[in-house]
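In: Please work out how this folds:
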Amino acid sequence: MRLSWGVTYSLVSKSDCPKTPQPEEIAAPAPKITMQDIAREVGVTAAAESLALKSHPSISEARRAEIQAVAERMGYRPNAVAAALAHHRHQSRAHPVQAALALINSHPDPAKLHAQPDFELCWRGATKAAEKFGYRLEEFCVNEKAAAQTPGTDLSRPEGAPNLAKVVRSGSP
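Out: The predicted model follows:
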């Protein structure tokens, strides 16, 4: 059949089309095997089953092999979306800061030092790195002029830094 614009179409008979499967011909998808199913089958907790599938050393070698064999036999496949969600939830959890690291500042005028853009970038990076490992970063001034401007940071007197257990001081800049 020829229509305008020069395009040719051919008519296809119904017998030329592939047969659409009928509902009774479509196999039902296999049920999704969960970690809970494996734990129930083996008779362990879901936590033990999870550790065994990750080959964690806290689970005996024999028990790990047993759980992994059952998971294989049952056709277990990890759910990548659930794993990514669990990882995200774990990583985004707030970690409390337990200890402090000291930044010893011997600059004659700490306010001028903080006004320098490069120092501020360094300070933010050091603070972020300290927090990543569970610390907070505190600045301690070692000259009397700066310590007078910021109460509680004078290392020239022991009462000036009661939470600082030990300070290792290298050369001044």
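In: how is the protein carved up into domains?
Out: Per automatic domain parsing, the structural domains of the chain span 35-92, 99-160.
In: Adding mean neighbour count, write those out as CSV.
Out: C-beta coordinates here come from the backbone N, C-alpha and C atoms, glycine included. Below are the domains of the chain laid out as CSV (neighbours: other Cβ atoms under 10 Å):
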stretch, mean neighbour count
domain 35-92, 14
domain 99-160, 14
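In: got those domains as TSV, with mean pLDDT columns?
Out: What follows is the domains of the chain, written out as TSV (pLDDT from 0 to 100):
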stretch	mean pLDDT
domain 35-92	91
domain 99-160	77
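In: quick one: residue 64 and residue 55 touch, right?
Out: Yes. Applying Cβ atoms under 8 Å, one finds residue 64 in contact with residue 55, separated by 6.0 Å.
In: Residue 128 and residue 93, how far apart?
Out: To residue 93, residue 128 is 17 Å away according to Cβ to Cβ, to the nearest Å.
In: no no, residue 64
Out: 27 Å.
In: Please apply the same query to residue 116.
Out: From residue 116 over to residue 93 the distance is 35 Å, taken as Cβ to Cβ.
In: Please apply the same query to residue 85.
Out: According to Cβ to Cβ, residue 85 and residue 93 sit 13 Å apart.
In: just residue 108 next, same as before
Out: In this view, residue 108 and residue 93 are 42 Å apart by Cβ to Cβ.
In: Same question for residue 70.
Out: 31 Å.
In: any idea whether residue 107 is helix, strand or coil?
Out: Classification of residue 107 by DSSP: H, G, I helix; E, B strand; the rest coil places it in coil.
In: Nearest residue to it in space, please, no chain neighbours.
Out: residue 113 (4.4 Å; Cβ to Cβ, 6 or more residues apart in numbering).
In: ok, then the element right after the strand or helix carrying the one you found?
Out: Following DSSP states H and E, the helix or strand that holds residue 113 is helix 110-115. Downstream of helix 110-115, the next assigned helix or strand under DSSP H and E is helix 117-132.
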